[in-house]
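*Asks:* Mind looking at a prediction? Sequence and model below.
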Amino acid sequence: MKLLFTRRGVLSFLGGALALPGVARSDSAADHPLYGGAEYIGDPALLPPPESPIDFPILSYASQIPEKFRRQQVTFGNKEKPGTVIVDPEHRYLYFILGPDQAIRYGVGVGRQGFAWSGQAIVGMKRRWPRWLPPQSMVERDPNAAPWANGMPGGPENPLGARAIYLYANGADTLYRIHGTNDPTSIGKAVSSGCVRMLNEDVADLFERVSKGTKVVVLAPGTL
């Protein structure tokens, strides 16, 4: 199935992103899966060098979203192999397939009208507390993005959140991501510039489950 895109815009900027006062940077990354450590997996030539290691706690916002969008194991009939990621933008869910008829379901925010896409991709790269580099088109149209034309270091105020999973197709970066957010009100809504947005705690969980080459299927409306 060929990956189809209606727009190539990516990553809406969270102008009101949450800051964490009193949480300092660390000179070394923690090994705990829910803590930072600037890291990428893939070809280092494809992205700017990682920022200095940082160590921010990932706070839980699950209680602030509707129960149906909270992470849970569900019955989910499908023909995909265990380990596959399926995104259902229409219903605002992402599924990680565990086995026959079983999956972990996460609530997500998806692309707003004009930025929606569907098709098949793979995980090409992963980063913890990723650096954000807005595309030139976003810098030109969004005054909130303009100050970060040369990149925004990873951290709690970064619109990519705690983790970013980079989607590739036909050997190339699609410019679409599965990434975190500090804005729980965006989960269950169509608000992003085409990317799939998760609670930081949820994207950190998914980050540990997927690897380079993991299959990602984004469903077209009416599929389920």
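*Replies:* Sure thing, it's come through. Residues are numbered from 1 along each chain as shown.
*Asks:* Which strand residues bridge the residue nearest the centre of the chain?
*Replies:* Centroid-nearest residue in the chain: residue 179, 1.5 Å away (criterion: C-alpha atoms, centre = their mean). Legend: beta-bridge partners of residue 179 under DSSP bridges are residue 164, residue 197.
*Asks:* so who does it touch?
*Replies:* Contacts for residue 179 (C-beta atoms under 8 Å, 6 or more residues apart in numbering) come out as 11, 130, 159-161, 163-165, 195-198, 203. (Each C-beta comes from the backbone N, C-alpha and C, glycine too.)
*Asks:* so how far is residue 156 from the nearest residue to residue 77 once chain neighbours are set aside?
*Replies:* Once flanking residues are discounted, residue 77 sits nearest to residue 101: 5.3 Å by C-beta to C-beta, 6 or more residues apart in numbering. Per C-beta to C-beta, to the nearest Å, residue 101 is found 38 Å from residue 156.
*Asks:* got the contact list for the closest residue in space to residue 75 that isn't next to it in sequence?
*Replies:* Among residues not flanking residue 75 along the chain, residue 101 sits closest, at 5.4 Å (C-beta to C-beta, 6+ apart). Residue 101 makes contact with 75, 76, 77, 78 under the criterion C-beta under 8 Å, 6+ apart.
*Asks:* rerun that using 10 Å as the cut-off
*Replies:* 74, 75, 76, 77, 78 (C-beta atoms under 10 Å, 6 or more residues apart in numbering).
*Asks:* Now flag whichever of the residues you listed is closest to residue 105.
*Replies:* Distances from residue 105 to these, taken as C-beta to C-beta, are shortest for residue 74 (4.7 Å).
*Asks:* For that closest one, which residues are in contact?
*Replies:* 93, 95, 98, 101, 102, 103, 104, 105.
*Asks:* Ok, residue 92 next?
*Replies:* 66, 68-69, 106-110, 187-190, 196-197.
*Asks:* same deal with residue 152?
*Replies:* Going by C-beta under 10 Å, 6+ apart, the list of residues near residue 152 reads 13, 51, 130, 131, 132, 133, 134, 145, 158, 159, 160.
*Asks:* give me phi/psi at it?
*Replies:* Dihedral pair for residue 152: phi -120, psi 120, per degrees, to the nearest 10.
*Asks:* In this structure, where's the longest helix?
*Replies:* Counting by DSSP state H, the longest helix found in the chain is helix 200-209.
*Asks:* Kindly provide the distance from residue 102 to residue 221.
*Replies:* Per C-beta to C-beta, residue 102 is found 25 Å from residue 221.
*Asks:* Which parts of this structure are helices?
*Replies:* Listed in chain order, the helices found in the chain under DSSP H are 136-141, 200-209.
*Asks:* buried residues in the longest one?
*Replies:* Of the residues in helix 200-209, those scored as buried under the neighbour-count criterion (16 or more other C-beta atoms under 10 Å) are 200, 201, 202, 203, 204, 205, 206, 207.
*Asks:* got it, and stretch 149-158?
*Replies:* If you call a residue buried by 16+ other C-beta under 10 Å, then stretch 149-158 has these buried ones: 152, 153, 154, 155, 156, 157, 158.
*Asks:* Thanks again, I'm all set now.
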